[in-house]
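1. heads up, no residue letters with this:
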């Protein structure tokens, strides 16, 4: 399955700053500049800050590399797409508009 977005690239010094050192708004602004959007009432950014480092995503540049090298497949929920990150430990869930919903650890036996 093809991705719902083109190659992701964050720009500026923010791309190499630790996620824990960034505010929610700074991440949202960086995503907007990269042509990305968090879905309405979603919690992607909050989960990214919380779960990203455990999944090997410590910076926005790490996120971009993981998504760019990820594998896309139909999501578990109707109308969603899962991007399995390159390390195989987590997935990013997108809606049909390509908006980011969440990032979650993969359950054993699920891909």
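-> Received it, and whenever you're ready, just let me know what you need. Just so we're clear, the structure is a prediction, and the values are computed from it rather than from any experiment.
2. all contacts plus neighbour counts: C-alpha atoms, from now on.
-> Fine.
3. contacts only, for the residue nearest the centre of the chain.
-> A centroid search over the chain (Cα atoms, centre = their mean) returns residue 92, at 5.0 Å, as the residue closest to the centre. Residues near residue 92 by Cα atoms under 8 Å, 6 or more residues apart in numbering: 82, 83, 84, 85, 100, 101, 102, 103, 104.
4. ok, what's across the strand from the residue nearest to residue 48 when sequence neighbours are not counted?
-> Distances taken as Cα to Cα, 6 or more residues apart in numbering place residue 103 nearest to residue 48, at 6.3 Å, with adjacent residues excluded. Here residue 103 sits in beta bridges with residue 92, as judged by DSSP bridges.
5. now do residue 103 against residue 59, distance only.
-> Distance from residue 103 to residue 59, counting by Cα to Cα, to the nearest Å: 14 Å.
6. please enumerate the helices of the protein.
-> Remark: helices assigned in the chain by DSSP state H are 24-33, 44-51, 60-68.
7. can you say which of these is nearest to residue 17?
-> For these, the distance to residue 17 is smallest for helix 60-68, at 7.5 Å, taking Cα to Cα.
8. the inter-axis angle of that closest one versus helix 24-33?
-> Calculated by axes from the mean of the first three to the mean of the last three Cα atoms, to 10 degrees, helix 60-68 forms an angle of 50 degrees with helix 24-33.
9. how about low-confidence regions in the chain?
-> 1-5, 108-111 (pLDDT under 70).
10. fine by me, we can end here.
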